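Trainee: Show me how the following folds:
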Amino acid sequence: MSKSKIGTIESIMLILTIVVTHTILALPRDLLATTKSATILNLIYVSIIAVLIAYLIFKLFKKFPGLDIIDIAKNIGGNTFQKIVGIIFITYFLVSSSILLRNFCEGLKTIYFPMTDITFIILVFIIALCIGNRLSFNATLKTNLLILPLVLFSMVFLFFSNMNKFVPERIFPILGDGIFNTFILGLTNIASFGGIAYLYFLPPLLKHPENFKKIAIFSVIITAIYLILCVSTLLFMFSFVIDANEISPLYNATRYVELGTFFQRLESVFLLLWILAFTCYLSIVCKFSMNIFEKITNIENKSALVDVFGLLILAIAILPKNLAVSQYFESSVYKYLVIGIVFALGIGILVIANIAERRRKIS
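Mentor: The predicted structure follows:
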């Protein structure tokens, strides 16, 4: 069994890491802004759709064992199409992670380092990213396997420890702004399952390829439960979510957690877990981006790629002029990138490949 391969649990945690890092920041607030009091109902609705999409991806990959979407793109469109698809996914991974890093560091600056230049805070994460990727990908995955369950547990703990402050009536009206907003316009909330993008690149990396279906379905179901818990915490605790220069709306909720008179102000513990999870997320994004780049270029000297991609993430992260620009990207632009690239482009390539494979067999 190759040490470079990824186990089933590690794969599920890898996909969950993508959602968790977005949830740490503005994702729950953006979901509530879209569907308001109907957000829990909407999440149940889009979660069912996301499970069906994950199952569809599994079915579409069945005819291409051991291949990822970059290999499949080459099969149907040659080297040129492979390079185009590869560049699109690399750009998506790097831009989304860089802007997310900028927003996260802006939150850290506001809370702990108000006098520090934002570039230096971002640089700390870039250095950690480069060190992590110079070790081995398995080291990152095993670290993630330790950290992410703690983050997931912390959100469950956050929900139950704040239950005495919940106002259940805030779920009404249960349809929010109406059926159309909840079930039609609210379909854009499917972007919260952006971790599905990494399913396209997992098949060649799995220790047990036969578990791909389990990985796809379970990761989406756990994501759905996690999102519902996070949104429920905010919806039941606050009459409105303050759009302030803080690390996240969930950070507000952590300030209310108290365990007697001894354990108070536990937000620092939550923040430490989030920082560790965020570092793992950056290492995962960088590794997948490098793998795609290696595949579309057949580059021989791979050692310098870590530093190059680290510098690219740094450059994109400091590109926005201010926090408002990066927050606009995360709240308004990111969801359409997910819908367009992850769902439309990714599934479109797989469908075309399956049609082409079927015609080849018939002929």
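
Trainee: in the protein, which spans are helices?
Mentor: Assigned by DSSP state H, the chain shows helices spanning 8-24, 27-35, 39-61, 69-111, 118-135, 137-161, 179-183, 212-237, 249-254, 267-297, 305-317, 323-328, 334-337, 346-362.

Trainee: per-residue confidence at the residue nearest to residue 6 when sequence neighbours are not counted?
Mentor: Spatial nearest neighbour of residue 6, excluding adjacent residues (Cβ to Cβ, 6 or more residues apart in numbering): residue 205 at 4.8 Å. Heads up, the C-betas are built off the backbone N, CA and C, glycines and all. If you check residue 205, the pLDDT there is 93.

Trainee: Likewise for residue 257?
Mentor: Residue 257 is assigned a predicted lDDT (pLDDT) of 78.

Trainee: count of neighbours near it?
Mentor: 19 (other Cβ atoms under 10 Å).

Trainee: thought it was touching residue 164?
Mentor: No - assessed by Cβ atoms under 8 Å, residue 257 is found out of contact with residue 164, at 11.0 Å.

Trainee: ok, now how distant is residue 251 from residue 295?
Mentor: 38 Å (Cβ to Cβ, to the nearest Å).

Trainee: now swap in residue 266 and tell me
Mentor: Residue 266 is 44 Å from residue 295, by Cβ to Cβ.

Trainee: that older thread, from the structure, what's the count of residues near the residue nearest to residue 6?
Mentor: Applying other Cβ under 10 Å, I find that residue 205 has 20 neighbouring residues.

Trainee: and residue 17, how far is that from residue 152?
Mentor: Applying Cβ to Cβ to residue 17 and residue 152 gives a distance of 10 Å.

Trainee: For these two, indicate the residue with more neighbours.
Mentor: More crowded of residue 17 and residue 152, by other Cβ under 10 Å: residue 17, with 26 against 19.

Trainee: How many residues are close by the residue nearest to that one when sequence neighbours are not counted?
Mentor: Nearest residue to residue 17, sequence neighbours excluded (Cβ to Cβ, 6+ apart): residue 281, at 5.0 Å. For residue 281, the neighbour count with other Cβ under 10 Å is 27.

Trainee: Was I right to think residue 281 contacts residue 93?
Mentor: No - judged on Cβ under 8 Å, residue 281 makes no contact with residue 93 at a distance of 10.8 Å.

Trainee: residues in contact with residue 75?
Mentor: Applying Cβ atoms under 8 Å, 6 or more residues apart in numbering to residue 75 gives the contacts 64, 67, 353, 356.

Trainee: is it true that the third one touches residue 74?
Mentor: Meaning residue 353. No - Residue 353 is beyond contact range of residue 74, at 10.2 Å (criterion: Cβ under 8 Å).

Trainee: more neighbours, the two?
Mentor: residue 353 (22 against 19).

Trainee: Now for that one: which residues touch it?
Mentor: 60, 63, 64, 72, 75, 76.

Trainee: where does the stretch 1-150 of the chain dip in pLDDT?
Mentor: Within the stretch 1-150 of the chain, the segments meeting pLDDT under 70 span 1-4.

Trainee: how about a cut-off of 50?
Mentor: Confidence mapping of the stretch 1-150 of the chain against pLDDT under 50 gives the ranges 1-2.

Trainee: Then the stretch 151-300 of the chain?
Mentor: Applying pLDDT under 50 to the stretch 151-300 of the chain flags residues 244-245.

Trainee: try 90
Mentor: Along the stretch 151-300 of the chain, segments meeting pLDDT under 90 span 161-162, 164-165, 168-170, 172-173, 176-177, 237-271, 298-300.
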